[in-house]
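1. sequence-free structure coming up:
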């Protein structure tokens, strides 16, 4: 809002009978109840090339441990699913696969090698190339005592449950959901106020952050301009 994107137009249009869906944060981080030790030590550390799953929704990419919870491209790519789960039940349990490019069988075989007196953290670093933040994320997800059995340990690495408990506010979000409903539009003109054309994040839609979001904003801006020109040309013809 401090940069001017405060949605102040929404109540003005609602007062003219336009249907506006309340705004919600999109492409945003989520709260996680990390232990203080984990949050203090690993806030700002990346989780590189991980896979996230929430129900039938999956994503691949990088995530970032934040002091408040979890953020980053792989989190944003889950779309509305975690936000909707939190709204419905107060939480969303995301399964994180820390080694999505390794099958469970391959990872189990690697973890079946003799530890030869190594600490578990050092063994996981060498056998599975887990970073310190990933090893400690496993402990946050599964408890301090990780499984000793190689198959169970591999399964834990392939599915580390992290509970999201809240959504970061709009002012911390990259984009927003909510806005003018598609049913309220004739093309990109408002049915209740045909002299007003709209575009971009004024519309009730959302997309993964980056190119998809920007391209759709630019494209709807062009489409709105073309619709306005077409209308002006028609008015000139009618006046002539």
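-> Great, that's in hand. Bear in mind the structure is a predicted one, so any value in this text is a computation, not a measurement.

2. separation between the most centrally placed residue in the chain and residue 55?
-> Taking Cα atoms, centre = their mean, the centroid of the chain lies closest to residue 76, which sits 1.8 Å from it. Relative to residue 55, residue 76 is positioned 17 Å away (Cβ to Cβ, to the nearest Å). For the C-beta atoms, the positions are set from N, CA and C on the backbone; glycine is no exception.

3. the residue nearest to the centre of the chain against residue 206, yeah?
-> No - the pair residue 76 / residue 206 is not scored as a contact, 9.9 Å apart, by Cβ atoms under 8 Å.

4. identify the contacts common to these two.
-> Common neighbours of residue 76 and residue 206, using Cβ atoms under 8 Å, 6 or more residues apart in numbering, are 26, 27.

5. buried set for the lengthiest helix in the chain?
-> Determined from DSSP state H, the single longest helix within the chain is helix 211-239. Residues 213, 216, 217, 220, 224, 227 are the ones in helix 211-239 that count as buried (16 or more other Cβ atoms under 10 Å).

6. tell me if I'm right that the first one and residue 207 touch.
-> Right, residue 213. Yes - judged on Cβ under 8 Å, residue 213 makes contact with residue 207 at a distance of 4.8 Å.

7. what about residue 180, distance to residue 204?
-> Distance from residue 180 to residue 204, by Cβ to Cβ: 6 Å.

8. picking that back up, find residues that contact each of residue 213 and residue 207.
-> With Cβ under 8 Å, 6+ apart, residue 213 and residue 207 have common neighbours residue 175.

9. all strands for the protein, in order.
-> Taking DSSP state E, the strands of the chain run over residues 20-26, 30-32, 46-54, 57-65, 69-71, 92-97, 160-167, 175-180, 185-186, 189-190.

10. got the contact list for stretch 220-240?
-> 187, 188, 189, 197, 198, 199, 200, 203.

11. could you save those as CSV and add columns showing pLDDT, distance to residue 120 and neighbour count?
-> As requested, the contacts of stretch 220-240 are exported to CSV (pLDDT from 0 to 100; distance: Cβ to Cβ, whole Å; neighbours: other Cβ atoms under 10 Å):
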residue, pLDDT, distance to residue 120, neighbour count
187, 95, 61, 15
188, 96, 58, 20
189, 96, 63, 18
197, 96, 61, 22
198, 96, 56, 21
199, 96, 54, 19
200, 93, 50, 17
203, 95, 50, 20
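
12. turn these into a markdown table, including distance to residue 164.
-> Listed next are the contacts of stretch 220-240 as a markdown table, based on distance: Cβ to Cβ, whole Å:
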| residue | distance to residue 164 |
| --- | --- |
| 187 | 38 |
| 188 | 34 |
| 189 | 39 |
| 197 | 37 |
| 198 | 32 |
| 199 | 32 |
| 200 | 28 |
| 203 | 26 |
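
13. how is the chain partitioned into domains?
-> The chain breaks down by automatic domain parsing into domains covering 13-26+171-239, 30-167.
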